[in-house]
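Enquirer: Let's see this in three dimensions:
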Amino acid sequence: MSEKTTAELEHLRGLIDGVDQQLLHLLRKRLDLVAQVGTVKHAAGLPIYAPQREAAMLAKRRDEAKGMGIAPQLIEDILRRLMRESYLNEKDVGFKQVKNDLGTVVIVGGKGQLGGLFKQMFCLSGYQVETIDKNDWQRAETVFADAGLVLVTVPIAITCELIRDKLSRLPVNCILADLTSIKAEPVDAMMAAHPGPVVGFHPMFGPDVGSFAKQVVVVCHGREQDKYQWLLDQIAIWGARLVEAEAERHDNAMQLVQAMRHFSTFVYGLNLCKEEADIETLLQFSSPIYRLELAMVGRLFAQSPELYADIIFAQQDSQHAISDYLENYRDALEMLKRGDRPEFIAQFKTVAKWFGDFAPQFQQESRAMLQSVNDMRTS
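Expert: A predicted model of the protein is given here:
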């Protein structure tokens, strides 16, 4: 490379560095303004996530970018990442407390990761929070005496037994709630153990989320919704989207969403292990979609085996869904062994028709994820 070329590149790179510095200052200014918005919203008790405002803002910025010769998706990607950071920062200023005469929030299993996350959110909203764990039951009577809400977040395998054995003498007006990923049995157990308000929750996210913004919390109503409506409002203020469902309907869906999917991922990882696959080689020759799939498998095995054992083994009815999956896999394997290409294409078209409009929607959503995965690639 000639000295002239080198000099030109250095000059242009210097200009780019200057623009980057300006961008940093603008980002800092935007985050500061968002923090002020958060303070106003929290004081007014408004949710940190306003979907209509976000959609309108993104649409306007996309149009403006297009008019400036900038790819609309570029500005949307930047703004979405900025908004995620903003939601993380917003919670640091705290949240409006919906019910200021509640008494104590008692989290049973509060030293666990999910319990710790909910403890943090209640504390950020100004509630008095106590935790009870397996070695604390000697002080349970004292802790429960002033409880306005008891939230159960313990392993699924012991949830119903704990509710029956330990939570049958709560204050009558106390709300009893749980956070397990199956709902029918825990809700029934709470209804039988406690005569007061009862509600079941399933947070559709792990404890490693930085913010409740855009996260889904399933609500399975039990008894006296008017007594715990404030709690639903509080969770909405944290930014979560509440989805109401009957417990049985929720559990039926979880057989496919959780148990079958997690079990399939477990078997896939088990097979890679037994085949002694070289992960570094797989990554070298992986497309973005396979890298993402492999990342999701690896994510499972980076977490607690006890947690996933609880999820899979607690849903006994999921064995039927898993068995059906196995049968379909065997049938597809037989088709492959026969070399029946036309049958494969015919079944492919059948499934594509069943997906309908969701197929192109998922293709578009996954494209953005794959681009992000590819951007992070370093080798």
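
Enquirer: count of neighbours near the residue lying closest to residue 207 once chain neighbours are set aside?
Expert: Nearest non-adjacent residue to residue 207, counting by CB to CB, 6 or more residues apart in numbering: residue 113, 3.5 Å away. C-beta here means a position set from N, CA and C on the backbone, and glycine is covered the same way. Per other CB atoms under 10 Å, the neighbour tally for residue 113 reads 14.

Enquirer: Check residue 240 too.
Expert: 26.

Enquirer: Show me what the helix or strand containing residue 57 is packed against.
Expert: Here residue 57 sits within helix 51-67, counting by DSSP states H and E. Judged by 3 or more CB pairs under 8 Å, 6 or more residues apart in numbering; DSSP states H and E, the packing partners of helix 51-67 are helix 72-90.

Enquirer: who's in contact with the helix it packs on?
Expert: Helix 72-90 is contacted by residues 27, 30-31, 34-35, 37-38, 41-42, 48-49, 54, 57-58, 61-66, 210-211, 213-214, 239, 368 when judged by CB atoms under 8 Å, 6 or more residues apart in numbering.

Enquirer: Try it again at 6 Å.
Expert: By CB atoms under 6 Å, 6 or more residues apart in numbering, the surrounding residues in contact with helix 72-90 are 34, 35, 38, 48, 58, 61, 62, 65, 66, 210, 211, 213.

Enquirer: Neighbour-wise, which one of these leads?
Expert: The most crowded member of those, judged by other CB under 10 Å, is residue 48 (24 neighbours).

Enquirer: Next one: that one from residue 135, what distance?
Expert: Distance of residue 48 to residue 135, given as CB to CB, to the nearest Å: 36 Å.

Enquirer: same deal with residue 275?
Expert: To residue 135, residue 275 is 43 Å away according to CB to CB.

Enquirer: what do you get for residue 85?
Expert: Taking CB to CB, one finds residue 85 at 38 Å from residue 135.

Enquirer: Comparing the two, which shows the higher neighbour count?
Expert: residue 85 (16 against 7).

Enquirer: Report the separation between the more buried one and residue 4.
Expert: From residue 85 across to residue 4, the span is 41 Å (CB to CB).

Enquirer: Residue 196 now?
Expert: With distances taken as CB to CB, residue 196 is found 81 Å from residue 4.

Enquirer: before we move on, what about residue 129?
Expert: Counting by CB to CB - residue 129 and residue 4 are separated by 67 Å.

Enquirer: Then residue 192?
Expert: Taking CB to CB, one finds residue 192 at 84 Å from residue 4.

Enquirer: out of those two, which sits in the more crowded spot?
Expert: Per other CB under 10 Å, whichever of residue 192 and residue 4 has more neighbours is residue 192, with 13 against 8.

Enquirer: Quick one: neighbours of the closest residue to the more buried one other than its chain neighbours, just the number.
Expert: Closest residue to residue 192 in three dimensions, ignoring its sequence neighbours and counting by CB to CB, 6+ apart: residue 164, at 7.3 Å. Using other CB under 10 Å, residue 164 has 13 neighbouring residues.

Enquirer: tell me the domain boundaries of this protein?
Expert: Split into domains by automatic domain parsing, the chain comes to 3-86, 104-245, 250-375.

Enquirer: where along the stretch 101-250 of the chain do the strands fall?
Expert: Assigned strands in the stretch 101-250 of the chain, in chain order: 104-108, 128-132, 147-152, 175-178, 198-203, 216-223, 241-244 (criterion: DSSP state E, counting those that start in this stretch).
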